[in-house]
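K.L.:
3D model of this:
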Amino acid sequence: MGKDGVTIVSLAMGAGFFKKGADGLKDGIEDTGEKFIKKADNSLEEIIKKLKGAKGLVGKDYEDFLAKHLPDGGPGFSKMGRDFDAFYDNNKIWVEAKSGRYWENIVSTETGFAKFKSDMGHRLQIATENGAKYELFSNTEIPENVKSWLSKKGIKYYETLE
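P.N.:
Next up, the predicted model:
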């Protein structure tokens, strides 16, 4: 049995999949599915954390870097009048990329932050309506107030600082 088979059997055993009866089968399937999805999410986050080479890239260069290096990624596209900078995980996750001095130049003002929130909120709505998740990547440190707002909206964010 290959490594993936061992993982599935291991998860199944930990979930109590091998209990007797229909209840055991139902509980085992639900628990194994939840654990398998959580493991996949964690693996994806580990891949993203290990992205190297993004430091100093600006604009389209950073967007192209993400499209090339994210798992099953692709280039930017437009949907419903909004631009998305890249996608990954077979088009299940749409990406907004921020680089260079964006945080200093745009979001440091009240007006700039309000526009950022409006734009991000609209893109999140479009992604959600199209069955995708929406995430933000930045190759510079994201300000704490922005991180707080993104978390409140349920938008995952990643800093690719190396």
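K.L.:
three-state assignment of the closest residue to Ile48 other than its chain neighbours?
P.N.:
Distances taken as Cβ to Cβ, 6 or more residues apart in numbering place Tyr158 nearest to Ile48, at 5.2 Å, with adjacent residues excluded. Just so you know, the C-beta spots here come from the backbone N, C-alpha and C atoms, and that holds for glycine as well. Secondary structure for Tyr158, judged by DSSP: H, G, I helix; E, B strand; the rest coil, is strand.
K.L.:
Just give the number of residues close to Tyr158.
P.N.:
19 (other Cβ atoms under 10 Å).
K.L.:
With Ser78 instead?
P.N.:
8.
K.L.:
Can you report phi and psi for it?
P.N.:
Torsion angles at Ser78 (phi, psi; degrees, to the nearest 10) stand at phi -110, psi 140.
K.L.:
do the same with Trp103
P.N.:
phi -60, psi -40.
K.L.:
ok, it touching Ser138?
P.N.:
Yes: in this structure Trp103 lies within contact range of Ser138 using Cβ atoms under 8 Å: 7.4 Å.
K.L.:
Look at the two and report which has more neighbours.
P.N.:
When Trp103 and Ser138 are compared for neighbours, Ser138 comes out ahead with 22 against 19, by other Cβ under 10 Å.
K.L.:
does the residue nearest to Ala132 when sequence neighbours are not counted count as helix, strand or coil?
P.N.:
Excluding the flanking residues, the one nearest Ala132 by Cβ to Cβ, 6+ apart is Trp94, at 4.9 Å. What three-state DSSP gives for Trp94 is strand.
K.L.:
tell me the contacts of Trp94?
P.N.:
Residues counted as contacts of Trp94 (Cβ atoms under 8 Å, 6 or more residues apart in numbering) are Phe84, Ala86, Phe87, Arg123, Ala127, Ala132, Lys133, Tyr134, Glu135.
K.L.:
try it again with 10 Å
P.N.:
76-77, 79, 82, 84-88, 123-124, 126-128, 130, 132-135 (Cβ atoms under 10 Å, 6 or more residues apart in numbering).
K.L.:
Among those residues, which ones are in helices?
P.N.:
Arg123, Leu124, Ile126, Ala127, Thr128 (DSSP state H).
K.L.:
among those, who's most crowded?
P.N.:
Ranked by neighbour count (other Cβ under 10 Å), the ones in helices among the contacts of Trp94 have Ala127 at the top, with 24 neighbours.
K.L.:
if I look at that one, how far off is Ser108?
P.N.:
According to Cβ to Cβ, to the nearest Å, Ala127 and Ser108 sit 26 Å apart.
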